[in-house]
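Undergrad: Sharing a model prediction with you, sequence too.
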Amino acid sequence: MPLDLQATAAVRRRMQRTVREDNAFEREVRSLLFGRGFRYRIHYPLPGMKRTTCDVAFPGLRIAVFLDGCFWHGCTAHPPSVKKNTEFWLEKIDRNRARDARATAHLAALGWTVLRFWEHETAEDIAGAITSAVSCTKAS
Ligand SMILES: [Zn+2]
């Protein structure tokens, strides 16, 4: 295998591992929510879109939370710095963004509240926003 492709394969494996594993960012947000007494589902398959999951869900309240990694979801504040196979990565990120948009539109059409947060936001801010959304939904 040419050196360039070997490097790509290694990078791809690392990235896939990062995606599959519960990352620290997700765990931090979840533990704050848990500490506030919330009970929720994690990696919840979206209704009617079973192959896509949201990171945290309150199915009874129809609230879906997505905790988006800056690299994978194409955060504009943190553009990806990929030196090799740039096109491959940018296309992949584009596909992720398109899928994110489809998932958001799909859930909204079903009457769900969709909350999306970036990895670069603080876990406290995110937990605060989720807390407000849950209280509002419960009150209404
Ligand atoms: Zn970011």
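TA: Nice, thanks for sending it over. Residues are numbered from 1 along each chain as shown.
Undergrad: Going by C-alpha atoms from here, please, whenever you check contacts or count neighbours.
TA: Noted.
Undergrad: Identify the single longest helix in the chain, thanks.
TA: Counting by DSSP state H, the longest helix found in the chain is helix 86-109.
Undergrad: got the residue ranges for the helices in the chain?
TA: All helices of the chain, identified by DSSP H, fall at 3-20, 24-35, 86-109, 123-139.
Undergrad: How about the residues of this protein by the ion?
TA: 70, 75, 78, 120 (C-alpha under 5 Å from the ion).
Undergrad: circling back to that earlier point, adding distance to Tyr44, write the helices of the chain out as JSON lines.
TA: Below are those laid out as JSON lines (distance: least, C-alpha to C-alpha, whole Å):
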{"stretch": "helix 3-20", "distance to Tyr44": "14"}
{"stretch": "helix 24-35", "distance to Tyr44": "14"}
{"stretch": "helix 86-109", "distance to Tyr44": "13"}
{"stretch": "helix 123-139", "distance to Tyr44": "16"}
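Undergrad: So for the longest helix of the chain, what gets flagged as buried?
TA: Residues 89-90, 93, 97, 100, 103-104, 106-107 are the ones in helix 86-109 that count as buried (16 or more other C-alpha atoms under 10 Å).
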